[in-house]
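A.B. asks: for reference, the sequence and a predicted model appear below.
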Amino acid sequence: MLRSVFLKSLRDQRRALMWWGIGLVTLAVMMMLFYPNVRDSGAAMEEYMKSFPKELMALFGGEFTEFTSPEGFLNSELFFLIVPLLFLIFTITAGSSAIAGEEEKGTLDLLLSNPLARWQVALEKFFAMVIATLALALSFWSGIAVGRVAVEMDIGLERVAAATLSAAILGMAFGALAFALGCISGNRGLSIGVTSAVGVMSYLLNALAPMVEFLSSLRRLSPFYYYIGADPLRNGLSLGHAGVLIALSAALLAVALVAFERRDLAV
Amino acid sequence: MSDSAILTEGLTKYYGDQRGVIELDIEVRPGEVFGYLGPNGAGKTTTIRLLLDLVRPTTGHATILGLECRRDSRQIRRRIGYLPGELSLYENLTGAELLAYLGHLRGGVDRKSIESLAGRLDSDLSRPIRTLSQGNKQKIGLIQAFMHKPDLLILDEPTNGLDPLIQREFYRLIAEVKAEGRAVFLSSHILPEVERGCDRVGIIREGRLVAVETVSALKAQALRQLEIHFATSVPLEAFAHLAGVHDVTVENGVLRCAVVGSVDSVIKAASQFEVVNVINHEPSIEEAFLTYYGQGEKHVA
């Protein structure tokens, strides 16, 4: 695991990845075990939910206002808020510390005294983050798969995979933003702060746009829209929407590599 | 191999308005051990980080082993060994793991070379780096700089935290590198360190290279603070007029004076009295090179 920057970056994350994996599997299984209660309470549950102001419901569930079908349940309870939030926390942390973390710890000088181009070091670290994110997506998906058998939920695993992958791609886009800000500034705190703020604003924009007229035209500016706007759990992964997020990630990666190649590194 | 190990021309670095280094013209010849001496904050580390392409010059340029520092940095880094001044290692790895990692990044390094260096520097590679003392971390830093037998070693304050026995081994390593025709550029803020292993010494002050001298010329000019304790009181006149001896005072049988170059004349004069103790204060660089630094101080005052 110490043969390249890529492998060492994965090795450095192995403990965090293990705990994140355990956490995501647990979350998925627990939520699934909760499903029979919701399904069986049926109309009463729907009635209860309707008693909340619709703005408040939108904040936490967007347009997903139906909870008792498998898709409605998974979208409102997991995919609208919790899952992307967790992916973002992971990728923002990983992306900001990839270069800026090593620069702040002072180990970057030693690493770059080796015959490696700066862009190569950065690229390897970026791909380590992508692989780690996909590993987390896989563990979350497997948790749903286990729970699905336990509670006999009628939902296709390929659809769950589409929604999970969409969340991972969203996470990657924000990870790329955190990574780029770290590469540009060398400041981990700044990278985490700015990216988190952008994340919260993007979420709110997408969640509230259907309620608030002047936001609705701006909704397409939110990465969250491209994550869940086409409802991948019902319709499968929208290549167009996923493509927007991937293109955004690629553009941020390019900016990161160029900026990192050019600037002075801090001691 | 007739290219200079290091050649800088007008190398200048400003961080915004802040001075890094100004108009450096340094030449390190092939197979030479070059000491880079200056107080903390003078610009030694900035110079070294410019050479490694970690920061980019404002103006001027530098070549290493005939290669352009900016354009050919990767090729250069293949052929140099570098010890950072503020050494930070991967604390979660053991010494052996760290060296294996850095070895892989260099496309493989001879295990025997690592083991031999670890043995000579008395370095325990099996322990996690976070459990090591400053000195033991420094040893691992040295091993990674030497292990691939680079054509040029760039060492920023290499003896930081090393105990005297290990320092001696370090100077032996430097002598071997020199004997093999490889070059060394080492920085220090302490005069005796560069006196020990270097052929020539460049002195940097406030970002400017103020002198380049051979070590023997430096020794001849260095100012030493000497203190001799006598069993009885001694007459001032016995020391006041010796050549190259300044600021002589005698108080309660204790002679204090400043000597330029050799202290021989003072010791010979002292030998006619009963001497209890001789204290040779290690001068700071500012004290040691009043000739170079004195001029600068006038500007400041």
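C.D. replies: Arrived safely, thanks for sending.
A.B. asks: what's the neighbour count on the closest residue to chain B within the stretch 101-250 of chain A?
C.D. replies: Using CB to the nearest CB, the single residue of the stretch 101-250 of chain A nearest to chain B is A:Gly106, 3.2 Å away. Every C-beta, even on glycine, is put in place using the N, C-alpha and C of the backbone. Counted with other CB atoms under 10 Å in any protein chain shown, residues neighbouring A:Gly106 total 15.
A.B. asks: OK, contacts around it?
C.D. replies: A:267, B:84, B:86-88 (CB atoms under 8 Å, 6 or more residues apart in numbering or on different chains).
A.B. asks: phi, psi of it?
C.D. replies: Here is the backbone geometry of A:Gly106 (degrees, to the nearest 10): phi 90, psi 10.
A.B. asks: tell me which parts of chain A are close to chain B?
C.D. replies: Contacts of chain A with chain B, taken as CB under 8 Å from any CB of the partner chain, map to A:2-5, A:8, A:12, A:105-107, A:109-117, A:262, A:264-265, A:267.
A.B. asks: which members of those are classed as buried?
C.D. replies: With burial judged by 16 or more other CB atoms under 10 Å in any protein chain shown, the buried subset of the residues of chain A next to chain B is A:2, A:4-5, A:8, A:12, A:107, A:109-116, A:265, A:267.
A.B. asks: looking at those, which are in helices?
C.D. replies: Secondary structure assignment (DSSP state H) places A:5, A:8, A:12, A:109-111 from those within helices.
A.B. asks: tell me which two in the residues you listed are the farthest apart.
C.D. replies: Pairwise distances across these peak at 17.7 Å for A:Asp12 and A:Asp109 (criterion: CB to CB).
A.B. asks: how much space between the most centrally placed residue in chain A and A:Asp154?
C.D. replies: In chain A, the centroid-proximal residue (CA atoms, centre = their mean) is A:Gly171; its distance is 2.6 Å. As judged by CB to CB, to the nearest Å, A:Gly171 and A:Asp154 stand 28 Å apart.
A.B. asks: could you do B:Val234 as well?
C.D. replies: 106 Å.
A.B. asks: okay, B:Glu297: pLDDT?
C.D. replies: Listed pLDDT for B:Glu297 reads 43.
A.B. asks: please put the alpha-carbon coordinates of stretch B:73-92 into PDB.
C.D. replies: Provided in PDB are the C-alpha atoms of stretch B:73-92 (Å, rounded to 0.1, in the frame of the first residue of the first chain):
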ATOM      1  CA  SER B  73      12.700  20.200 -11.900                       C
ATOM      2  CA  ARG B  74      11.600  16.600 -12.100                       C
ATOM      3  CA  GLN B  75      14.900  15.400 -13.600                       C
ATOM      4  CA  ILE B  76      16.800  17.500 -11.000                       C
ATOM      5  CA  ARG B  77      14.800  15.900  -8.200                       C
ATOM      6  CA  ARG B  78      15.700  12.500  -9.400                       C
ATOM      7  CA  ARG B  79      19.400  13.400  -8.800                       C
ATOM      8  CA  ILE B  80      19.300  15.200  -5.600                       C
ATOM      9  CA  GLY B  81      18.700  14.300  -1.900                       C
ATOM     10  CA  TYR B  82      16.900  16.900   0.200                       C
ATOM     11  CA  LEU B  83      16.500  17.400   3.900                       C
ATOM     12  CA  PRO B  84      13.900  20.000   4.700                       C
ATOM     13  CA  GLY B  85      14.700  22.600   7.400                       C
ATOM     14  CA  GLU B  86      11.500  22.100   9.300                       C
ATOM     15  CA  LEU B  87      11.300  18.400   8.800                       C
ATOM     16  CA  SER B  88       7.800  16.900   8.900                       C
ATOM     17  CA  LEU B  89       7.400  13.200   8.400                       C
ATOM     18  CA  TYR B  90       4.300  11.000   8.100                       C
ATOM     19  CA  GLU B  91       3.900  10.400  11.800                       C
ATOM     20  CA  ASN B  92       1.600   7.400  11.400                       C
END
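A.B. asks: tell me the mean pLDDT for it?
C.D. replies: 96.
A.B. asks: go on, stretch A:162-174?
C.D. replies: Mean per-residue pLDDT for stretch A:162-174: 98.
A.B. asks: ok, and for it, which residues are buried?
C.D. replies: Going by neighbour count (16+ other CB under 10 Å), the buried part of stretch A:162-174 is A:162-174.
A.B. asks: any residues touching it, and which ones?
C.D. replies: In contact with stretch A:162-174 (CB under 8 Å, 6+ apart) are residues A:74-75, A:79, A:83-84, A:87-88, A:90-92, A:95, A:129-130, A:133-134, A:136-137, A:140-141, A:144, A:195, A:198-199, A:223-224, A:226-228, A:232-233, A:236-237, A:241-242, A:245-246, A:248-249, A:252.
A.B. asks: need the helices for chain B, in chain order.
C.D. replies: Remark: helices assigned in chain B by DSSP H are B:44-51, B:73-79, B:95-105, B:111-120, B:134-146, B:164-179, B:191-197, B:215-221, B:237-240, B:264-270, B:285-288, B:290-300.
A.B. asks: ranking those by burial, who's on top?
C.D. replies: Burial of the helices of chain B is given as mean neighbour count (mean count of other CB atoms under 10 Å in any protein chain shown); helix B:44-51 ranks first at a mean of 25.
A.B. asks: restrict that one to CA atoms and write it as CSV.
C.D. replies: Provided in CSV are the C-alpha atoms of helix B:44-51 (Å, rounded to 0.1, in the frame of the first residue of the first chain):
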residue,chain,number,x,y,z
LYS,B,44,18.6,30.2,3.7
THR,B,45,15.4,28.1,3.5
THR,B,46,14.0,30.4,0.8
THR,B,47,17.1,29.8,-1.3
ILE,B,48,16.8,26.0,-0.9
ARG,B,49,13.1,26.0,-1.6
LEU,B,50,13.8,28.0,-4.8
LEU,B,51,16.3,25.4,-5.8
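A.B. asks: which strands and helices lie in contact with that helix?
C.D. replies: Contact here means 3 or more CB pairs under 8 Å, 6 or more residues apart in numbering or on different chains; DSSP states H and E; on that basis helix B:44-51 packs against strand B:6-15, strand B:18-24, strand B:33-37, strand B:59-64, strand B:152-156, strand B:183-188.
A.B. asks: other residues contacting the fourth one?
C.D. replies: Counting contacts by CB under 8 Å, 6+ apart, the residues outside strand B:59-64 that touch it are B:3-12, B:23-24, B:50-51, B:68-70, B:76, B:79-80, B:152.
A.B. asks: picking up where we left off before, among the buried residues of stretch A:162-174, which pair sits farthest apart?
C.D. replies: Farthest apart among the buried residues of stretch A:162-174 by CB to CB are A:Ala162 and A:Phe174. That separation is 19.4 Å.
A.B. asks: how about low-confidence regions in the stretch 1-150 of chain B?
C.D. replies: Within the stretch 1-150 of chain B, the stretches with pLDDT under 70 are B:1-2.
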